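*Asks:* Compute the structure for the input listed below.
(one chain, ligands or ions: 2)
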Amino acid sequence: MSGREKFALPPEVIAEQKRIIADIRLINEQSCSKGHARKKAFVETYGCQQNVSDSEILMGMLVSMGYDEASGKDDADIIIYNTCAVRENAELKVFGNLGALKHRKSKNPDLIIGVCGCMMQQKANADEIRRKYKHVDLVFGTHSLYYFPSLLMEVLKSRTPVIDVRQTDGAIAEDYPVRRGEGPCAWVSVMYGCNNFCSYCIVPYVRGRERSRDKEAIIAEVKTLASEGCKEITLLGQNVNSYGKDKGSDYDFADLLSDVCKVDGIERIRFMTSHPKDISDKLIEVMASNKKVCKQLHLPVQAGNNRVLRSMNRRYTKEEYLEKIAKVKAAMPDITLTTDIIVGFPGETKEEFEDTIDVLKKVRYDTIFSFIYSRRPGTPAAKMEDVLTDEQKKECFNRLLEVQDKISYEKNAALKDRELTVLTEGYSKTDSAVLTGRTDGGKIVNFKGDASLIGELVRVKITDVRTWSLIGEATE
Ligand code: 5AD
Ligand code: SF4
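*Replies:* Numbers count the residues shown, from 1 in each chain. Ligands and ions are numbered 1, 2, ... in the order given. Model (predicted):
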(Lines give C-alpha, C1' and ligand atoms only; values in the text may rest on other atoms or scores of the structure.)
(Ligands and ions follow the chains in the order given, each with its own letter.)
Protein backbone atom coordinates (compact mmCIF):
# COMPACT_ATOMS: atom_id res chain seq x y z
CA MET A 1 0.00 0.00 0.00
CA SER A 2 1.44 3.43 -0.85
CA GLY A 3 2.03 6.04 1.84
CA ARG A 4 -0.87 8.10 0.59
CA GLU A 5 -3.40 5.27 0.71
CA LYS A 6 -2.21 4.12 4.10
CA PHE A 7 -2.23 7.50 5.83
CA ALA A 8 -4.64 9.63 3.79
CA LEU A 9 -7.71 10.77 5.68
CA PRO A 10 -10.80 9.55 3.76
CA PRO A 11 -12.36 12.33 1.60
CA GLU A 12 -15.71 11.91 3.35
CA VAL A 13 -14.08 12.71 6.72
CA ILE A 14 -12.60 15.92 5.29
CA ALA A 15 -15.92 16.85 3.65
CA GLU A 16 -17.73 16.31 6.97
CA GLN A 17 -15.26 18.54 8.84
CA LYS A 18 -15.65 21.24 6.18
CA ARG A 19 -19.42 21.06 6.57
CA ILE A 20 -19.03 21.60 10.31
CA ILE A 21 -16.73 24.58 9.67
CA ALA A 22 -19.56 26.09 7.59
CA ASP A 23 -22.11 25.31 10.34
CA ILE A 24 -20.03 27.06 13.00
CA ARG A 25 -19.58 30.00 10.63
CA LEU A 26 -23.37 30.25 10.38
CA ILE A 27 -23.69 30.30 14.19
CA ASN A 28 -21.10 33.10 14.38
CA GLU A 29 -22.68 35.13 11.55
CA GLN A 30 -26.11 34.83 13.17
CA SER A 31 -24.68 36.07 16.46
CA CYS A 32 -23.08 39.06 14.65
CA SER A 33 -26.31 39.90 12.84
CA LYS A 34 -28.01 40.14 16.25
CA GLY A 35 -25.55 42.90 17.12
CA HIS A 36 -23.05 40.85 19.15
CA ALA A 37 -19.35 41.55 18.57
CA ARG A 38 -17.59 39.06 16.32
CA LYS A 39 -15.87 36.40 18.44
CA LYS A 40 -12.08 36.28 18.53
CA ALA A 41 -9.70 33.33 18.67
CA PHE A 42 -6.14 33.03 19.92
CA VAL A 43 -3.73 30.12 19.44
CA GLU A 44 -0.56 30.02 21.55
CA THR A 45 2.16 27.78 20.18
CA TYR A 46 4.95 26.02 22.06
CA GLY A 47 7.86 24.03 20.63
CA CYS A 48 9.00 23.32 17.12
CA GLN A 49 8.12 24.57 13.63
CA GLN A 50 5.84 21.58 13.12
CA ASN A 51 3.66 22.97 15.88
CA VAL A 52 3.80 26.44 14.31
CA SER A 53 2.62 24.84 11.08
CA ASP A 54 -0.22 22.95 12.88
CA SER A 55 -1.26 26.19 14.58
CA GLU A 56 -1.52 27.83 11.16
CA ILE A 57 -4.02 25.12 10.21
CA LEU A 58 -5.93 25.59 13.51
CA MET A 59 -6.12 29.35 12.95
CA GLY A 60 -7.09 28.72 9.31
CA MET A 61 -10.02 26.60 10.49
CA LEU A 62 -11.02 29.18 13.12
CA VAL A 63 -11.00 32.05 10.61
CA SER A 64 -13.08 29.94 8.20
CA MET A 65 -15.50 29.40 11.10
CA GLY A 66 -15.99 33.16 11.29
CA TYR A 67 -13.69 33.99 14.21
CA ASP A 68 -11.39 37.01 14.05
CA GLU A 69 -7.76 36.59 15.04
CA ALA A 70 -7.32 38.05 18.56
CA SER A 71 -4.24 40.15 19.26
CA GLY A 72 -3.57 38.26 22.50
CA LYS A 73 -5.30 35.91 24.88
CA ASP A 74 -6.80 38.74 26.94
CA ASP A 75 -9.25 39.77 24.21
CA ALA A 76 -10.00 36.23 22.98
CA ASP A 77 -13.29 34.30 23.31
CA ILE A 78 -11.54 31.06 22.45
CA ILE A 79 -7.98 30.26 23.55
CA ILE A 80 -6.07 27.21 22.37
CA TYR A 81 -2.68 26.10 23.65
CA ASN A 82 -0.77 24.01 21.13
CA THR A 83 1.69 22.24 23.38
CA CYS A 84 5.17 20.68 23.19
CA ALA A 85 6.36 17.58 25.08
CA VAL A 86 10.05 17.56 24.13
CA ARG A 87 11.21 18.97 27.47
CA GLU A 88 9.60 19.31 30.88
CA ASN A 89 9.98 23.10 31.02
CA ALA A 90 7.54 23.68 28.18
CA GLU A 91 5.04 21.36 29.90
CA LEU A 92 5.26 23.22 33.20
CA LYS A 93 4.63 26.53 31.42
CA VAL A 94 1.41 25.18 29.90
CA PHE A 95 0.10 23.94 33.25
CA GLY A 96 0.98 27.34 34.76
CA ASN A 97 -0.83 29.25 32.01
CA LEU A 98 -3.88 27.03 32.26
CA GLY A 99 -4.03 27.53 36.02
CA ALA A 100 -3.94 31.30 35.50
CA LEU A 101 -7.07 31.13 33.28
CA LYS A 102 -9.24 29.54 35.98
CA HIS A 103 -10.30 32.86 37.46
CA ARG A 104 -11.18 34.31 34.05
CA LYS A 105 -13.28 31.30 33.16
CA SER A 106 -15.21 31.57 36.44
CA LYS A 107 -16.07 35.20 35.57
CA ASN A 108 -16.85 34.38 31.93
CA PRO A 109 -18.22 30.84 31.47
CA ASP A 110 -18.59 31.50 27.71
CA LEU A 111 -14.82 31.57 27.30
CA ILE A 112 -13.66 28.40 25.52
CA ILE A 113 -10.27 26.98 26.55
CA GLY A 114 -8.61 24.24 24.52
CA VAL A 115 -5.32 22.35 24.86
CA CYS A 116 -3.86 20.30 22.02
CA GLY A 117 -0.59 19.03 20.57
CA CYS A 118 2.17 16.69 21.69
CA MET A 119 1.64 17.01 25.45
CA MET A 120 -1.99 16.01 25.11
CA GLN A 121 -1.13 12.99 22.96
CA GLN A 122 0.21 11.43 26.18
CA LYS A 123 -2.50 9.93 28.32
CA ALA A 124 -0.98 10.98 31.66
CA ASN A 125 -1.08 14.66 30.69
CA ALA A 126 -4.59 14.49 29.25
CA ASP A 127 -5.74 12.75 32.47
CA GLU A 128 -4.11 15.41 34.62
CA ILE A 129 -5.99 18.13 32.74
CA ARG A 130 -9.24 16.24 33.24
CA ARG A 131 -8.61 15.83 36.97
CA LYS A 132 -7.08 19.15 37.95
CA TYR A 133 -8.08 21.68 35.30
CA LYS A 134 -11.83 21.30 35.10
CA HIS A 135 -12.20 24.73 33.48
CA VAL A 136 -10.61 23.37 30.26
CA ASP A 137 -13.31 22.68 27.62
CA LEU A 138 -11.38 20.84 24.96
CA VAL A 139 -8.41 18.46 25.01
CA PHE A 140 -7.13 16.88 21.81
CA GLY A 141 -3.90 15.21 20.68
CA THR A 142 -1.80 15.62 17.54
CA HIS A 143 -3.75 12.90 15.73
CA SER A 144 -7.06 14.71 16.33
CA LEU A 145 -6.07 18.02 14.70
CA TYR A 146 -8.11 17.33 11.58
CA TYR A 147 -11.18 16.62 13.73
CA PHE A 148 -11.03 19.99 15.47
CA PRO A 149 -14.24 21.32 13.81
CA SER A 150 -16.40 18.44 15.12
CA LEU A 151 -14.76 18.63 18.55
CA LEU A 152 -15.40 22.37 18.82
CA MET A 153 -19.00 21.90 17.65
CA GLU A 154 -19.48 19.36 20.44
CA VAL A 155 -18.21 21.89 22.99
CA LEU A 156 -20.48 24.62 21.60
CA LYS A 157 -23.49 22.31 21.77
CA SER A 158 -22.90 20.41 24.99
CA ARG A 159 -20.91 22.93 27.03
CA THR A 160 -19.25 19.99 28.75
CA PRO A 161 -15.55 19.08 28.46
CA VAL A 162 -14.64 17.18 25.28
CA ILE A 163 -11.54 14.96 25.11
CA ASP A 164 -10.14 13.27 22.01
CA VAL A 165 -6.75 11.61 22.33
CA ARG A 166 -7.04 8.95 19.67
CA GLN A 167 -4.06 6.61 19.22
CA THR A 168 -3.17 6.05 15.56
CA ASP A 169 -0.05 6.04 13.42
CA GLY A 170 -1.09 9.48 12.18
CA ALA A 171 -2.82 10.82 9.11
CA ILE A 172 -2.29 13.14 6.18
CA ALA A 173 -5.01 15.50 5.01
CA GLU A 174 -4.82 18.04 2.20
CA ASP A 175 -6.97 21.10 1.53
CA TYR A 176 -7.49 22.27 5.08
CA PRO A 177 -7.57 26.07 5.42
CA VAL A 178 -4.27 27.64 6.57
CA ARG A 179 -3.75 31.05 8.16
CA ARG A 180 -0.07 31.92 7.75
CA GLY A 181 1.94 34.59 9.51
CA GLU A 182 2.67 37.77 7.57
CA GLY A 183 5.85 38.32 5.60
CA PRO A 184 7.61 36.79 2.60
CA CYS A 185 8.51 33.46 4.26
CA ALA A 186 6.35 30.35 4.72
CA TRP A 187 6.61 26.85 6.21
CA VAL A 188 5.62 23.87 4.11
CA SER A 189 5.41 20.44 5.74
CA VAL A 190 6.70 17.67 3.49
CA MET A 191 6.41 14.83 5.96
CA TYR A 192 5.17 14.12 9.45
CA GLY A 193 6.21 11.81 12.27
CA CYS A 194 9.50 10.11 13.07
CA ASN A 195 10.69 6.49 13.05
CA ASN A 196 14.10 7.06 14.60
CA PHE A 197 13.33 6.52 18.29
CA CYS A 198 16.36 8.33 19.69
CA SER A 199 16.35 7.05 23.25
CA TYR A 200 15.74 10.45 24.90
CA CYS A 201 13.01 11.68 22.56
CA ILE A 202 9.24 11.64 22.95
CA VAL A 203 8.50 12.75 19.37
CA PRO A 204 8.05 9.29 17.78
CA TYR A 205 5.48 8.45 20.48
CA VAL A 206 3.40 11.60 20.06
CA ARG A 207 3.78 12.36 16.36
CA GLY A 208 3.32 8.88 14.93
CA ARG A 209 5.06 7.09 12.05
CA GLU A 210 6.92 8.77 9.22
CA ARG A 211 4.53 9.67 6.42
CA SER A 212 5.24 11.77 3.37
CA ARG A 213 2.89 14.10 1.56
CA ASP A 214 2.46 13.56 -2.16
CA LYS A 215 4.93 15.54 -4.19
CA GLU A 216 2.09 16.95 -6.31
CA ALA A 217 0.38 18.39 -3.21
CA ILE A 218 3.66 19.95 -2.00
CA ILE A 219 4.49 21.52 -5.36
CA ALA A 220 0.92 22.82 -5.73
CA GLU A 221 1.14 24.44 -2.29
CA VAL A 222 4.50 26.04 -3.14
CA LYS A 223 3.06 27.40 -6.43
CA THR A 224 0.10 28.90 -4.57
CA LEU A 225 2.46 30.51 -2.08
CA ALA A 226 4.55 31.95 -4.91
CA SER A 227 1.42 33.41 -6.54
CA GLU A 228 0.60 35.06 -3.20
CA GLY A 229 3.98 36.80 -3.11
CA CYS A 230 5.91 34.40 -0.90
CA LYS A 231 9.63 34.40 -1.71
CA GLU A 232 11.14 31.94 0.76
CA ILE A 233 9.91 28.59 1.91
CA THR A 234 11.20 26.19 4.52
CA LEU A 235 10.42 22.54 3.87
CA LEU A 236 9.58 20.94 7.19
CA GLY A 237 9.74 17.47 8.65
CA GLN A 238 11.18 15.78 11.74
CA ASN A 239 13.58 14.01 9.43
CA VAL A 240 13.23 15.36 5.89
CA ASN A 241 15.85 13.02 4.47
CA SER A 242 13.44 10.13 4.97
CA TYR A 243 11.00 11.77 2.54
CA GLY A 244 9.42 9.17 0.24
CA LYS A 245 10.70 6.09 2.10
CA ASP A 246 7.25 5.28 3.52
CA LYS A 247 5.86 5.34 -0.02
CA GLY A 248 8.46 2.80 -1.15
CA SER A 249 9.31 5.27 -3.91
CA ASP A 250 12.68 6.12 -5.50
CA TYR A 251 11.71 9.78 -5.50
CA ASP A 252 13.60 11.13 -2.50
CA PHE A 253 14.11 14.42 -0.67
CA ALA A 254 16.88 15.54 -3.02
CA ASP A 255 14.48 15.07 -5.97
CA LEU A 256 11.78 17.02 -4.17
CA LEU A 257 14.18 19.86 -3.32
CA SER A 258 15.28 20.05 -6.90
CA ASP A 259 11.64 20.17 -8.15
CA VAL A 260 10.65 22.83 -5.61
CA CYS A 261 13.52 24.97 -6.99
CA LYS A 262 11.76 24.99 -10.36
CA VAL A 263 8.78 26.94 -9.01
CA ASP A 264 8.94 30.49 -10.40
CA GLY A 265 8.77 33.29 -7.86
CA ILE A 266 10.27 31.30 -4.99
CA GLU A 267 13.76 32.71 -4.53
CA ARG A 268 14.98 30.80 -1.50
CA ILE A 269 14.43 27.34 -0.11
CA ARG A 270 15.49 26.06 3.29
CA PHE A 271 14.71 22.77 4.95
CA MET A 272 14.84 21.13 8.36
CA THR A 273 15.54 18.88 10.12
CA SER A 274 18.08 16.44 8.68
CA HIS A 275 19.33 13.37 10.51
CA PRO A 276 23.11 12.96 10.05
CA LYS A 277 22.76 9.26 9.24
CA ASP A 278 20.46 10.02 6.30
CA ILE A 279 22.08 13.00 4.63
CA SER A 280 23.15 11.79 1.20
CA ASP A 281 25.81 12.82 -1.33
CA LYS A 282 22.92 13.42 -3.73
CA LEU A 283 21.37 15.95 -1.34
CA ILE A 284 24.69 17.74 -0.86
CA GLU A 285 25.04 17.89 -4.65
CA VAL A 286 21.51 19.35 -5.12
CA MET A 287 22.19 21.91 -2.39
CA ALA A 288 25.54 22.94 -3.83
CA SER A 289 24.42 23.16 -7.44
CA ASN A 290 21.16 24.99 -6.97
CA LYS A 291 21.28 28.70 -6.38
CA LYS A 292 17.84 28.82 -4.77
CA VAL A 293 18.76 26.37 -2.01
CA CYS A 294 20.07 28.42 0.90
CA LYS A 295 23.55 27.49 1.99
CA GLN A 296 22.46 26.61 5.48
CA LEU A 297 22.32 23.22 7.13
CA HIS A 298 20.91 22.29 10.51
CA LEU A 299 22.48 18.96 11.39
CA PRO A 300 21.82 17.93 15.01
CA VAL A 301 24.81 16.12 16.51
CA GLN A 302 23.35 15.85 20.06
CA ALA A 303 26.65 14.64 21.60
CA GLY A 304 30.26 14.07 20.62
CA ASN A 305 31.10 10.87 22.46
CA ASN A 306 30.59 7.55 20.67
CA ARG A 307 29.36 5.66 23.74
CA VAL A 308 26.82 8.41 24.44
CA LEU A 309 25.74 8.51 20.78
CA ARG A 310 25.19 4.74 20.88
CA SER A 311 23.18 5.02 24.07
CA MET A 312 21.12 7.79 22.43
CA ASN A 313 20.46 5.40 19.50
CA ARG A 314 21.70 8.01 17.03
CA ARG A 315 23.27 5.44 14.70
CA TYR A 316 26.40 7.38 13.71
CA THR A 317 29.80 7.93 15.30
CA LYS A 318 31.56 11.20 15.93
CA GLU A 319 33.94 10.36 13.08
CA GLU A 320 31.12 9.62 10.63
CA TYR A 321 29.42 12.87 11.59
CA LEU A 322 32.61 14.89 11.08
CA GLU A 323 33.12 13.19 7.73
CA LYS A 324 29.65 14.32 6.56
CA ILE A 325 30.41 17.86 7.73
CA ALA A 326 33.71 17.79 5.81
CA LYS A 327 31.85 16.77 2.64
CA VAL A 328 29.33 19.56 3.12
CA LYS A 329 32.06 22.14 3.69
CA ALA A 330 34.02 20.93 0.67
CA ALA A 331 30.95 21.32 -1.55
CA MET A 332 29.83 24.64 -0.01
CA PRO A 333 32.69 26.51 1.69
CA ASP A 334 30.43 29.40 2.76
CA ILE A 335 27.79 27.23 4.40
CA THR A 336 26.15 28.25 7.68
CA LEU A 337 26.06 25.26 10.02
CA THR A 338 23.84 24.87 13.05
CA THR A 339 23.16 21.98 15.42
CA ASP A 340 21.26 20.73 18.47
CA ILE A 341 23.12 19.51 21.54
CA ILE A 342 21.96 17.72 24.66
CA VAL A 343 24.06 18.15 27.80
CA GLY A 344 23.83 15.70 30.69
CA PHE A 345 22.33 12.71 28.91
CA PRO A 346 22.05 9.88 31.51
CA GLY A 347 25.43 8.26 32.01
CA GLU A 348 27.40 11.05 30.30
CA THR A 349 30.59 11.82 32.21
CA LYS A 350 32.65 15.01 32.25
CA GLU A 351 35.27 13.32 30.05
CA GLU A 352 32.63 12.22 27.55
CA PHE A 353 31.23 15.75 27.47
CA GLU A 354 34.68 16.95 26.32
CA ASP A 355 34.03 15.13 23.02
CA THR A 356 31.03 17.42 22.47
CA ILE A 357 33.29 20.45 23.01
CA ASP A 358 35.74 18.90 20.55
CA VAL A 359 32.98 18.64 17.89
CA LEU A 360 32.13 22.32 18.44
CA LYS A 361 35.75 23.31 17.94
CA LYS A 362 36.19 21.13 14.85
CA VAL A 363 32.93 22.02 13.08
CA ARG A 364 32.79 25.66 14.15
CA TYR A 365 29.00 25.98 13.96
CA ASP A 366 27.48 29.42 13.41
CA THR A 367 24.87 28.79 16.10
CA ILE A 368 23.93 25.90 18.37
CA PHE A 369 20.66 25.08 20.10
CA SER A 370 21.61 23.47 23.37
CA PHE A 371 19.48 21.78 26.00
CA ILE A 372 20.03 20.15 29.35
CA TYR A 373 18.64 16.62 29.13
CA SER A 374 15.06 16.38 30.30
CA ARG A 375 13.71 12.98 31.40
CA ARG A 376 10.68 11.97 29.31
CA PRO A 377 8.61 9.18 30.89
CA GLY A 378 8.05 6.31 28.48
CA THR A 379 11.35 6.73 26.58
CA PRO A 380 14.23 4.23 27.03
CA ALA A 381 16.58 6.89 28.44
CA ALA A 382 14.14 7.69 31.24
CA LYS A 383 15.26 4.45 32.96
CA MET A 384 19.00 5.15 32.60
CA GLU A 385 21.02 6.45 35.51
CA ASP A 386 22.78 9.79 35.81
CA VAL A 387 26.47 10.14 36.54
CA LEU A 388 26.57 13.93 36.73
CA THR A 389 24.71 15.96 39.34
CA ASP A 390 22.38 18.78 38.24
CA GLU A 391 25.06 21.25 39.25
CA GLN A 392 27.72 19.53 37.15
CA LYS A 393 25.34 19.45 34.18
CA LYS A 394 24.81 23.18 34.55
CA GLU A 395 28.58 23.72 34.63
CA CYS A 396 28.98 21.70 31.41
CA PHE A 397 26.14 23.65 29.84
CA ASN A 398 27.71 27.00 30.70
CA ARG A 399 31.06 25.88 29.36
CA LEU A 400 29.39 24.79 26.12
CA LEU A 401 27.83 28.24 25.72
CA GLU A 402 31.10 29.97 26.52
CA VAL A 403 32.98 28.00 23.85
CA GLN A 404 30.22 28.45 21.28
CA ASP A 405 29.58 32.17 21.87
CA LYS A 406 33.19 32.88 21.01
CA ILE A 407 32.96 30.82 17.80
CA SER A 408 29.61 32.40 16.83
CA TYR A 409 31.06 35.87 17.28
CA GLU A 410 34.20 35.04 15.30
CA LYS A 411 32.15 33.59 12.45
CA ASN A 412 29.98 36.71 12.35
CA ALA A 413 33.04 38.98 12.57
CA ALA A 414 34.38 37.35 9.39
CA LEU A 415 31.33 38.77 7.59
CA LYS A 416 32.15 42.39 8.48
CA ASP A 417 32.47 44.65 5.41
CA ARG A 418 30.95 41.96 3.17
CA GLU A 419 27.89 42.81 1.06
CA LEU A 420 25.16 40.19 1.51
CA THR A 421 21.66 39.68 0.12
CA VAL A 422 18.99 39.99 2.79
CA LEU A 423 15.31 39.07 2.46
CA THR A 424 13.56 41.76 4.50
CA GLU A 425 10.94 40.23 6.78
CA GLY A 426 9.62 43.33 8.58
CA TYR A 427 10.47 45.77 11.33
CA SER A 428 12.65 44.72 14.23
CA LYS A 429 10.69 43.80 17.38
CA THR A 430 12.94 45.96 19.54
CA ASP A 431 13.28 49.04 17.28
CA SER A 432 10.48 50.10 14.95
CA ALA A 433 12.86 52.25 12.86
CA VAL A 434 14.99 49.26 11.97
CA LEU A 435 14.24 46.56 9.40
CA THR A 436 15.14 42.96 9.99
CA GLY A 437 15.79 40.14 7.56
CA ARG A 438 17.95 37.09 6.95
CA THR A 439 20.94 36.30 4.81
CA ASP A 440 21.05 33.26 2.55
CA GLY A 441 22.79 31.50 5.46
CA GLY A 442 19.89 32.37 7.77
CA LYS A 443 21.69 35.04 9.82
CA ILE A 444 19.60 37.89 11.17
CA VAL A 445 20.59 41.32 9.80
CA ASN A 446 19.22 44.60 11.17
CA PHE A 447 19.46 47.69 8.96
CA LYS A 448 17.75 51.04 8.42
CA GLY A 449 15.21 51.38 5.63
CA ASP A 450 11.57 52.07 4.88
CA ALA A 451 8.55 49.80 4.60
CA SER A 452 8.89 49.53 0.81
CA LEU A 453 11.80 47.11 1.37
CA ILE A 454 9.69 44.59 3.31
CA GLY A 455 9.41 41.40 1.28
CA GLU A 456 12.30 42.44 -0.97
CA LEU A 457 15.78 41.01 -1.46
CA VAL A 458 18.13 43.85 -0.54
CA ARG A 459 21.92 44.14 -0.79
CA VAL A 460 23.26 45.08 2.63
CA LYS A 461 26.82 45.88 3.65
CA ILE A 462 27.66 44.45 7.07
CA THR A 463 29.03 47.26 9.26
CA ASP A 464 29.02 45.66 12.70
CA VAL A 465 28.37 42.27 14.25
CA ARG A 466 26.98 40.75 17.44
CA THR A 467 27.06 37.13 18.64
CA TRP A 468 23.56 36.38 17.30
CA SER A 469 22.99 39.04 14.64
CA LEU A 470 24.58 41.35 12.11
CA ILE A 471 24.13 45.07 11.59
CA GLY A 472 24.31 46.66 8.16
CA GLU A 473 23.44 49.38 5.68
CA ALA A 474 21.42 48.93 2.51
CA THR A 475 23.64 49.70 -0.48
CA GLU A 476 20.91 50.25 -3.07
N1 5AD B 1 15.85 16.49 26.66
C2 5AD B 1 16.54 17.55 26.15
N3 5AD B 1 16.54 17.87 24.86
C4 5AD B 1 15.81 17.10 24.01
N5 5AD B 1 15.63 17.16 22.68
C6 5AD B 1 14.80 16.16 22.32
N7 5AD B 1 14.45 15.43 23.40
C8 5AD B 1 15.08 15.98 24.47
C9 5AD B 1 15.12 15.68 25.84
N10 5AD B 1 14.46 14.64 26.36
C11 5AD B 1 16.29 18.15 21.83
C12 5AD B 1 17.16 17.50 20.77
C13 5AD B 1 16.38 17.73 19.52
C14 5AD B 1 15.70 19.04 19.81
C15 5AD B 1 14.54 19.38 18.97
O16 5AD B 1 15.31 18.92 21.16
O17 5AD B 1 18.39 18.19 20.73
O18 5AD B 1 17.18 17.78 18.36
FE1 SF4 C 1 13.38 12.85 18.15
FE2 SF4 C 1 15.47 11.57 17.07
FE3 SF4 C 1 13.11 11.69 15.72
FE4 SF4 C 1 14.61 13.90 16.00
S5 SF4 C 1 15.22 12.04 14.89
S6 SF4 C 1 12.38 13.73 16.34
S7 SF4 C 1 15.53 13.62 18.05
S8 SF4 C 1 13.51 10.64 17.68
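*Asks:* Close to ligand 1: what parts of the protein are there?
*Replies:* Counting by C-beta under 6 Å from any ligand atom, the residues of the chain lying close to ligand 1 are 86-87, 200-201, 300, 302, 340, 342, 371, 373-374, 376. Any C-beta I mention is one placed from the backbone N, CA and C, and that applies to glycine too.
*Asks:* hmm, 8 Å instead?
*Replies:* For the chain, the contact set with ligand 1 under C-beta under 8 Å from any ligand atom comprises 48, 86-87, 198, 200-203, 273, 300, 302, 340-342, 369-376, 379, 381.
*Asks:* pretty sure residue 90 is touching residue 84, no?
*Replies:* Yes: counting by C-beta atoms under 8 Å, residue 90 touches residue 84, with 4.4 Å between them.
*Asks:* coming back round to it: ok, of the residues of the chain next to ligand 1, which come out buried?
*Replies:* Buried members of the residues of the chain next to ligand 1, counted by 16 or more other C-beta atoms under 10 Å: 48, 86-87, 198, 200-203, 273, 300, 302, 341-342, 370-374, 376, 379, 381.
*Asks:* Show me those residues that map onto strands.
*Replies:* 341-342, 370-372 (DSSP state E).
*Asks:* in stretch 190-201, what counts as buried?
*Replies:* Buried-residue list, stretch 190-201, by 16+ other C-beta under 10 Å: 190-194, 196, 198-201.
*Asks:* Secondary structure element holding residue 234?
*Replies:* Using DSSP states H and E, residue 234 sits within strand 232-236.
*Asks:* Can you list the strands that that strand pairs with?
*Replies:* Strand 232-236 has its sheet partners listed here by DSSP bridges as strand 185-189 (parallel), strand 268-272 (parallel).
*Asks:* mind putting those in JSON lines, distance to residue 210 and mean neighbour count included?
*Replies:* JSON lines is the format used below for the strands paired with strand 232-236 (distance: least, C-beta to C-beta, whole Å; neighbours: other C-beta atoms under 10 Å):
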{"stretch": "strand 185-189", "distance to residue 210": "12", "mean neighbour count": "21"}
{"stretch": "strand 268-272", "distance to residue 210": "15", "mean neighbour count": "22"}
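*Asks:* Tell me which helix or strand residue 445 sits in.
*Replies:* Assigned by DSSP H and E, residue 445 falls in strand 444-448.
*Asks:* Return the list of strands paired to that strand, each annotated with direction.
*Replies:* Paired with strand 444-448 in the same sheet, following DSSP bridges, are strand 434-439 (antiparallel), strand 470-474 (parallel).
*Asks:* Quick one: closest of those to residue 39.
*Replies:* Minimum separation from residue 39 across these (C-beta to C-beta) falls at strand 434-439, 32.8 Å.
*Asks:* And the closest one, what's buried?
*Replies:* So strand 434-439, judged by 16+ other C-beta under 10 Å, has buried residues 435-439.
*Asks:* so which of the strands paired with strand 444-448 gets nearest residue 307?
*Replies:* Of the strands paired with strand 444-448, nearest to residue 307 by C-beta to C-beta is strand 434-439, at 37.5 Å.
*Asks:* Which residues does the closest one contact?
*Replies:* With contact meaning C-beta atoms under 8 Å, 6 or more residues apart in numbering, strand 434-439 is reached by 336, 420-429, 444-449, 453-454, 458, 460, 470.
*Asks:* just the buried residues of stretch 190-201 now: which is nearest residue 67?
*Replies:* Looking across those and measuring by C-beta to C-beta, the closest to residue 67 is residue 192, at 25.7 Å.
*Asks:* What residues sit buried inside stretch 398-416?
*Replies:* Buried, per 16+ other C-beta under 10 Å, within stretch 398-416: 399-400, 404, 407-408, 411-412, 415.
*Asks:* Adding secondary structure and distance to residue 43, write those residues out as a markdown table.
*Replies:* Below are the buried residues of stretch 398-416 laid out as a markdown table (DSSP: H, G, I helix; E, B strand; the rest coil; distance: C-beta to C-beta, whole Å):
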| residue | secondary structure | distance to residue 43 |
| --- | --- | --- |
| 399 | helix | 38 |
| 400 | helix | 33 |
| 404 | helix | 33 |
| 407 | helix | 36 |
| 408 | helix | 32 |
| 411 | helix | 35 |
| 412 | helix | 34 |
| 415 | coil | 36 |
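*Asks:* List just the nearest of those residues to ligand 1.
*Replies:* Nearest to ligand 1 among these, counting by C-beta to the nearest ligand atom, is residue 400 at 12.5 Å.
*Asks:* give the contact list for that closest one.
*Replies:* For residue 400, the contact set (C-beta under 8 Å, 6+ apart) comprises 341, 343, 356-357, 360, 368, 370.
*Asks:* quick revisit: can you list contacts of the strand holding residue 234?
*Replies:* By C-beta under 8 Å, 6+ apart, strand 232-236 touches 49-50, 53, 184-190, 218, 222, 225, 256-257, 260, 266-272, 423.
*Asks:* So what's the gap between that strand and the chain middle?
*Replies:* Here strand 232-236 is found 11 Å from its chain centre; the criterion is C-alpha atoms, centre = their mean, to the nearest Å.
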